[in-house]
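K.L.:
Fold the stuff below for me.
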Amino acid sequence: MISSRLSKLSESLRTSGLEALALNAGPSLVYLTGLHFHLSERPVVALFTTDHEPVIILPELEMLKVSGMPVKAFPYGENPADWDGFFQQAVTFLKLDRKRIGVEPRQMRLLEFRHIKFGAPKADFPDASGVVSNLRVRKDADEVAAMRKAVKVAQSALEASIPLIQVGMTEKELASELVVQLLRGGSQSEMPFAPIVSGGPNSANPHASPSDRKIQPGDLLVVDWGAAVDGYISDLTRTFAVGQVEAEYRKIHQIVLEANEAGRAAGKPGTPCAAVDKASREVIEKAGYGVYFTHRTGHGIGMEGHEEPYMRSDNMELLEPGMAYTVEPGIYLPERNGVRIEDNVVITGTEAECLSDMPRELRVVGS
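P.N.:
As a prediction, the model looks like this:
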């Protein structure tokens, strides 16, 4: 699998006019090599070209990770004053100065970039995000299977947490219980993101962080959470009612539910990503709440929580089999309450298959 991915990368580099790709620790490096490194004060960079095995600059203490692998390693010691020299050796070995070395701006840190730049002061460093995303955007059967497991783990974890919800417990307390259930259910410890648990006015903030606010009767309670399994993630959201809630809150939940259904139904091979956004957005706009739907309808998922493709109104990229993404419309009434319902789907040969099936209706909790 790794060999196939590297072959595809070489072809992509040729067609894009790049002589090399430089990646630091992160999902793309894992995708192309299977190597896991933490971002730390010790830089790790892999250099990929069209005519040579990968070259990697890494700390000596990490050498066991590349033992037996078809890579050329340049290990360095603990003195940061020496590191530029090792990067220079690696770049010189590949003759990359004055060449076009692609990078991922969203991932590459200034720390690693400065070392590469020292080794290749006259090189050009264009944005290679498209080269990498084109490789990762179409998931194979094994990748989809891992995401399917991640969805199952996440759904089971929230179902196990729901009976624990009580009026008076804080958002942080519920988030903590959910994390325990995710780990107990089989999620990797490095989750795609920290769960969002937000009630009442906080639920009107799409990316709220769990706070010390206590869950209260009449709240809408938004839970946005996910699991990671075999390096692939799930990203789901459900909204609950804490006891009896106002009629308008039940109304906007129903509107968001219908928008979610419309967005999931809109995805098909050959359909623009924008059509998914339009399908969900039209439902909310026709109901008179368009101004309260403040974000795109969805984003790609895979090894990262946010990746290509993006379900937004101006994205005319066509959906293809293997593309996986979220459908997550919402309505957010400032200083009152908010609703979001999010599912994970993958494009098959004929449709958008929904990987998540946890009930979406407004369930009453904490009473």
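
K.L.:
Could you list the low-confidence segments of the protein?
P.N.:
Within the chain, the segments meeting pLDDT under 70 span 367.

K.L.:
just the helices in it please.
P.N.:
2-16, 27-33, 83-94, 110-119, 129-136, 141-161, 171-185, 247-266, 273-286 (DSSP state H).

K.L.:
mind checking which of the ones you listed is nearest Val339?
P.N.:
Proximity to Val339 (C-beta to C-beta) singles out helix 247-266 among these, at 4.6 Å. The C-beta positions use only the backbone N, C-alpha and C, and glycine is treated the same way.

K.L.:
so how far is that closest one from its chain's centroid?
P.N.:
On the basis of C-alpha atoms, centre = their mean, to the nearest Å, helix 247-266 sits 24 Å off its chain's mean C-alpha point.

K.L.:
circling back to that earlier point, reformat the helices of the chain as a markdown table; add mean neighbour count and distance to Gly302.
P.N.:
Formatted as a markdown table, those follow (neighbours: other C-beta atoms under 10 Å; distance: least, C-beta to C-beta, whole Å):
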| stretch | mean neighbour count | distance to Gly302 |
| --- | --- | --- |
| helix 2-16 | 14 | 13 |
| helix 27-33 | 21 | 8 |
| helix 83-94 | 19 | 29 |
| helix 110-119 | 18 | 23 |
| helix 129-136 | 18 | 6 |
| helix 141-161 | 20 | 7 |
| helix 171-185 | 19 | 19 |
| helix 247-266 | 20 | 18 |
| helix 273-286 | 21 | 15 |
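
K.L.:
and of those helices, who's closest to Ile331?
P.N.:
The nearest among these, by C-beta to C-beta, is helix 247-266 at 4.5 Å.

K.L.:
Please save the CA atoms from the closest one in PDB.
P.N.:
Output of helix 247-266 as PDB, limited to C-alpha atoms (Å, rounded to 0.1, in the frame of the first residue of the first chain):
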ATOM      1  CA  ALA A 247     -41.700  25.500  21.100                       C
ATOM      2  CA  GLU A 248     -39.300  27.600  18.900                       C
ATOM      3  CA  TYR A 249     -36.400  25.400  20.000                       C
ATOM      4  CA  ARG A 250     -38.300  22.200  19.000                       C
ATOM      5  CA  LYS A 251     -39.100  24.000  15.700                       C
ATOM      6  CA  ILE A 252     -35.500  24.900  14.800                       C
ATOM      7  CA  HIS A 253     -34.400  21.300  15.700                       C
ATOM      8  CA  GLN A 254     -36.900  20.000  13.200                       C
ATOM      9  CA  ILE A 255     -35.700  22.400  10.500                       C
ATOM     10  CA  VAL A 256     -32.100  21.400  11.100                       C
ATOM     11  CA  LEU A 257     -33.100  17.700  10.900                       C
ATOM     12  CA  GLU A 258     -34.700  18.300   7.500                       C
ATOM     13  CA  ALA A 259     -31.700  20.300   6.300                       C
ATOM     14  CA  ASN A 260     -29.500  17.400   7.400                       C
ATOM     15  CA  GLU A 261     -31.600  14.900   5.500                       C
ATOM     16  CA  ALA A 262     -31.500  17.100   2.400                       C
ATOM     17  CA  GLY A 263     -27.800  17.500   2.500                       C
ATOM     18  CA  ARG A 264     -27.200  13.800   2.900                       C
ATOM     19  CA  ALA A 265     -29.500  13.100   0.000                       C
ATOM     20  CA  ALA A 266     -27.800  15.600  -2.300                       C
END
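
K.L.:
relative to helix 273-286, how tilted is that helix?
P.N.:
160 degrees (axes from the mean of the first three to the mean of the last three C-alpha atoms, to 10 degrees).

K.L.:
Helix 247-266 - contacts with which helices or strands?
P.N.:
strand 236-242, helix 273-286, strand 324-327, strand 330-333, strand 337-340, strand 343-347, strand 352-354 (3 or more C-beta pairs under 8 Å, 6 or more residues apart in numbering; DSSP states H and E).

K.L.:
mind redoing it with 6 Å?
P.N.:
Packing contacts for helix 247-266, counted by 3 or more C-beta pairs under 6 Å, 6 or more residues apart in numbering; DSSP states H and E, involve helix 273-286, strand 324-327, strand 337-340.

K.L.:
now the ones you listed in TSV, with distance to His38?
P.N.:
Listed next are the helices and strands packed on helix 247-266 as TSV, based on distance: least, C-beta to C-beta, whole Å:
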stretch	distance to His38
helix 273-286	33
strand 324-327	26
strand 337-340	31
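
K.L.:
Which of the ones you listed sits closest to Val151?
P.N.:
Of all those, strand 324-327 comes closest under C-beta to C-beta, at 10.5 Å.

K.L.:
what's next to that closest one, contact-wise?
P.N.:
139, 235, 260, 263-264, 298-301, 311, 342-344, 346 (C-beta atoms under 6 Å, 6 or more residues apart in numbering).

K.L.:
Try it again at 8 Å.
P.N.:
Residues outside strand 324-327 that contact it (C-beta atoms under 8 Å, 6 or more residues apart in numbering) are 139, 144, 147, 235, 260, 263-264, 267, 273, 276, 280, 297-302, 309-311, 342-347, 355.

K.L.:
how about the CA coordinates for it, as CSV?
P.N.:
The C-alpha trace of strand 324-327 is given here as CSV (Å, rounded to 0.1, in the frame of the first residue of the first chain):
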residue,chain,number,x,y,z
ALA,A,324,-15.9,11.2,2.7
TYR,A,325,-17.3,14.3,4.4
THR,A,326,-19.7,15.6,7.1
VAL,A,327,-23.1,17.0,6.7
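
K.L.:
Quick check, central residue of this structure?
P.N.:
Nearest to the geometric centre of the chain sits Gly305, at 1.3 Å (C-alpha atoms, centre = their mean).

K.L.:
What sits closest to that residue if chain neighbours are left out?
P.N.:
Excluding its sequence neighbours, the residue lying closest to Gly305 (C-beta to C-beta, 6 or more residues apart in numbering) is Pro192, at 4.2 Å.
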